[in-house]
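Student: sequence and predicted structure, then a few things I'm wondering about:
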Amino acid sequence: MNKGFIFLVLSFLQLASAQIKIEGKIENMNKIGLSYSSVSVLNSDIVVLTNEKGLFMIEIPESNNSTTITVEMNGYEKKIVSIDELIKNPIVTLNEKPIQLNEIVVKNTQMKEKIIGQKKRPMLTFSKMFDENVHTIEQGSVFEIFPQTTTNSYSFYIIPSSKFEEITLKVNIYSVKNNQPDESLLNENIIYKTTTTAWQKIDLKPYKLRFKNHDKIAITLQLVAHKKLDDNNFVFGISAKKTTSNKMLFRYHNQGNWESSSGVFISNLSVSYVKGAKKIDKEVVEEIDDKTKELIAYYKYKEEARKSNFGKNKKGKYMGIGDAKIYYEEYGEGEPLIFLHGNNGSIEDFYQQIPFFAKQYHVIAIDTRGQGRSTDLTNTPYTYETFANDLYQVIQKLNLKKVNLVGWSDGGNTALIFNYQHPELINKLVVIGAVLNPFGVQDKLIDDFKNQIDNPSQSTNERLIRLMLNHPAINYYNLQKISNPVLIIAGEKDVVKKEHTEEIQKSIPKSDLQIIPNASHYVPFEYPKVLNETILKFLEK
C-alpha cells in the first residue's frame, strides 16, 4: 500500500477523533455546586450530568457543527453559552426561577388517598437494564391522576439480581403531552440513594408537590451515580411486566426523543386528592399559607446545605469531653469566630456564612452534642447550660483566649448563657432569633411542639422538643452583667415575638438591634448577604 495513502488515512482518523475537552462547574449565585444538572451540546447526542459537587467534564468533537452549550437544572433558569465562552470561563452560574407554588382547593374539602399503578410484583417479570456508563438515560411511566392531586410517595421494584453497593437515582416528574413526558414540573432535584433491592419507596411529602388540572404526569428515574461491589460487577434494573400496550418510556438524554415499548414498570404513586374534584377554568383556589411557603423554602435550603461540603469535611475533627464527643470544623485564619447552629441543626446550616467569614477570621463551626455528627452518651434532658459547658470545654482544649461568637436560634440561647457565665472569653457576641424563655415564641409554635410530643413520629427527637418546651430560663439580671458588645438579630416575620427580642436588646448594656425585613426565623438561609454584611460591620466596628 502506498505510504502516502497510509499517512493521509491516519491524518484523517486523527482529525476525525480530535476532541475539545472542557472541565468546569455549574453553581448557583451562592457559589454552591449544582449536582446532577445537565450540560449538553445543542442539537446533538453529547450530554453529561454534573457530579454531586456540580463538576462536569464534556468532550466535544472538533468536527461538531453546533457551537452552543445548554445548561439546565430543576428550579433554575436555563442558560445558553457558546463553546468558546465555556472554554474561557468553565464556571456557569444559574439563576433561580421564581418558585411557582402549585395551588389546590383545600377549603372545606376532604382529601382521599389512593395508590395508582402496580401494587404487587407478579411472578413473571422482565427488566430494562440501566447502563452504568450513561447517566443521562431515563426510564419510567405515565400515571393518570386527579385534577387536584398531592403526591405522597413513589414506589418501584429493583430486580433482586441487581449487584451494587449503592446507587443514586434522580427522580424526574413531567407534564404529559401526546402520552409522552413534556415539561418538568419540579422546582428542585429529587435525589434518592439505596443499598437494597426489591421494593423501594421515595417519600415525596417534603417536596410539597401539588398538581392542579393535570390528568396525567410522567415519572422517570435516572441512574446518576453508583458504587460497585468488590467484585467490580454492576447490575441494575427496574422490574416490569408484559402488556399489550406500550407503557414503558425511555430516552437516552434530555435532547433525545422519547421511545415507548410494550410492558409496564412495576411502580406506583401514592396520592391524596379532592373527592369529586373536576377540572376548573376559573381560579377557585386558596393560596398556600405563609407557613407552608416557609416550610417549602426551608426544605429547599436544607437540601442545598446537605449538598455543601460543610458538616462533613474530611478535615473535620472530634473532641472528647467526657460524656460526649463534639465534632467541629475549622476554616480560615485570624481572630476566632465560633458558629453555633439551631435546634436539630448542624454545621452545614451555615453553608452560606462559613466561606464568607473564613476570608478574614478563624472560623470554628461546632455540632451541638447529640446533633449533626456530635455524639451524646447521656439520656438526661438537654439544657442550654449543658451546651454552654460543652462550648467552654471546646474553647479550653483549643487554647483560645478570647473569641467572637455567633449563635442562631438554640445556638443564640446557648451563646447568651455562655457570655454571662464566661465574660472573660468573649470579645463580641451575635445572636439570631434567640429567646430568654419558651414563651418568647408565638403561641402556635408551642402548640406544635406539644402536639409533636403527644403524637410522635419516627423522626421526632423528644429530647430536643422538650428542650424548647421547658428551656431556657434566662433572667434579665444575668443579661445586665454582659459588658461586651452584642448584636441582636431577628427576622421581621420571626416566630420569636418582636417585643421579646426588643426586651433582650434593652437588657444588655452595649447592644444593638437589627430586624431583617421580610425575613422569617431562617435569616441565615433567606438573606445570607444581608446577614453576613451586617455581622461583619459589627465585628469590625
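Tutor: Nice, I can see it. Computed from a predicted structure; not experimentally measured.
Student: show me where the stretch 1-150 of the chain has its strands.
Tutor: 19-27, 38-41, 47-49, 55-61, 68-72, 79-82, 91-93, 111-117, 126-129, 138-144, 148-158 (DSSP state E, counting those that start in this stretch).
Student: again with the stretch 251-400 of the chain
Tutor: 259-261, 264-265, 267-274, 317-320, 324-331, 335-340, 361-366, 375-376.
Student: right, and these - which one's nearest Lys247?
Tutor: strand 264-265 (4.2 Å; CB to CB). From N, CA and C alone the C-beta is placed, and that goes for glycine too.
Student: sorry, back to before: got JSON lines for the strands of the stretch 251-400 of the chain, with distance to Gln393 too?
Tutor: Output for the strands of the stretch 251-400 of the chain, formatted as JSON lines (distance: least, CB to CB, whole Å):
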{"stretch": "strand 259-261", "distance to Gln393": "62"}
{"stretch": "strand 264-265", "distance to Gln393": "54"}
{"stretch": "strand 267-274", "distance to Gln393": "47"}
{"stretch": "strand 317-320", "distance to Gln393": "8"}
{"stretch": "strand 324-331", "distance to Gln393": "8"}
{"stretch": "strand 335-340", "distance to Gln393": "13"}
{"stretch": "strand 361-366", "distance to Gln393": "11"}
{"stretch": "strand 375-376", "distance to Gln393": "14"}
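Student: tell me which of the ones you listed sits nearest to Pro517.
Tutor: Nearest to Pro517, of the strands of the stretch 251-400 of the chain and by CB to CB, is strand 335-340 at 23.4 Å.
Student: what about the closest one, average pLDDT?
Tutor: Mean pLDDT, strand 335-340: 98.
Student: and that strand, how far from the chain's centre?
Tutor: 24 Å (CA atoms, centre = their mean, to the nearest Å).
Student: any stretches of the protein with poor pLDDT?
Tutor: Confidence mapping of the chain against pLDDT under 70 gives the ranges 1-17, 65, 98-110, 275-293, 457-459.
Student: one step back: now render the strands of the stretch 251-400 of the chain as CSV, adding distance to Gln514 and mean neighbour count.
Tutor: Below are the strands of the stretch 251-400 of the chain laid out as CSV (distance: least, CB to CB, whole Å; neighbours: other CB atoms under 10 Å):
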stretch, distance to Gln514, mean neighbour count
strand 259-261, 57, 14
strand 264-265, 53, 21
strand 267-274, 41, 21
strand 317-320, 32, 13
strand 324-331, 24, 20
strand 335-340, 18, 24
strand 361-366, 19, 24
strand 375-376, 33, 17
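Student: ok, longest helix in this protein?
Tutor: helix 290-307 (DSSP state H).
Student: now the most centrally placed residue in the chain: closest residue in space, sequence neighbours ignored.
Tutor: Closest to where the C-alpha atoms of the chain average out (CA atoms, centre = their mean) is Glu303, at 0.6 Å. Spatial nearest neighbour of Glu303, excluding adjacent residues (CB to CB, 6 or more residues apart in numbering): Glu188 at 6.4 Å.
Student: same question for Ile417.
Tutor: In this structure, Ile417 finds its nearest non-sequential neighbour in Ala388, 4.5 Å apart by CB to CB, 6+ apart.
Student: would you turn the strands of the stretch 1-150 of the chain into CSV with distance to Glu330 and mean neighbour count?
Tutor: Shown next, in CSV, are the strands of the stretch 1-150 of the chain (distance: least, CB to CB, whole Å; neighbours: other CB under 10 Å):
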stretch, distance to Glu330, mean neighbour count
strand 19-27, 24, 16
strand 38-41, 34, 22
strand 47-49, 33, 19
strand 55-61, 24, 16
strand 68-72, 34, 19
strand 79-82, 35, 14
strand 91-93, 26, 17
strand 111-117, 49, 15
strand 126-129, 46, 15
strand 138-144, 42, 21
strand 148-158, 40, 22
